[in-house]
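# pasting the sequence and the predicted coordinates here, then a few questions.
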Amino acid sequence: MLVGVGCWAFSEKNRLSSDVVDVNSLQSKYSDVFDVVFDLTVLIIVLGVVVFVLSFVGCVGALRENICFLKCVRIGLLQFTFKLIFEILCLLYGNRPVHVETYAAIPGCGVPTPKI
């Protein structure tokens, strides 16, 4: 479902920006790799593919009682859970200011000591 929604959003975004979609207009929109990585529709498509593959491997592993597939699903779910927890913590605590004075006492960190 995520892949379908992502493809629909990608095509609608490109259709709204120009009536005729050609290769040159797509190249001008995505001139850098960061344009593709930070495009929300592409991220939705990639997330949908990852969820599909993880679900498929889990179903086949449970059907065939394949321990390797089930371990891959467990590792994938743990990785996804830890990533989600890390992103929530970064969202909550990411905007805190860094005090230079705390790092000034560490030798070799490149922060000049404050003059009092």
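It's in.
# hmm, residue 62 is touching residue 70, no?
Yes: when contacts are counted by CB atoms under 8 Å, residue 62 is listed as touching residue 70 (7.0 Å). (Glycine included, C-beta is placed from N, CA and C.)
# more neighbours, these two?
Set residue 62 next to residue 70 and count neighbours by other CB atoms under 10 Å: residue 70 wins out with 16 against 12.
# just give the nearest non-adjacent residue to the more buried one, would you?
In space, and not counting its chain neighbours, residue 70 is closest to residue 61: 4.3 Å by CB to CB, 6 or more residues apart in numbering.
# does the one you found lie in a helix or a strand, and which?
Assigned by DSSP states H and E, residue 61 falls within helix 40-64.
# test my guess that the residue nearest to residue 70 contacts residue 74.
No: look at residue 61 against residue 74 with CB under 8 Å: they stay out of range, at 9.6 Å.
# per-residue pLDDT, residue 58?
Residue 58 carries a pLDDT value of 92.
# from residue 7, how far out is it?
Using CB to CB, to the nearest Å, one gets 24 Å for the distance from residue 58 to residue 7.
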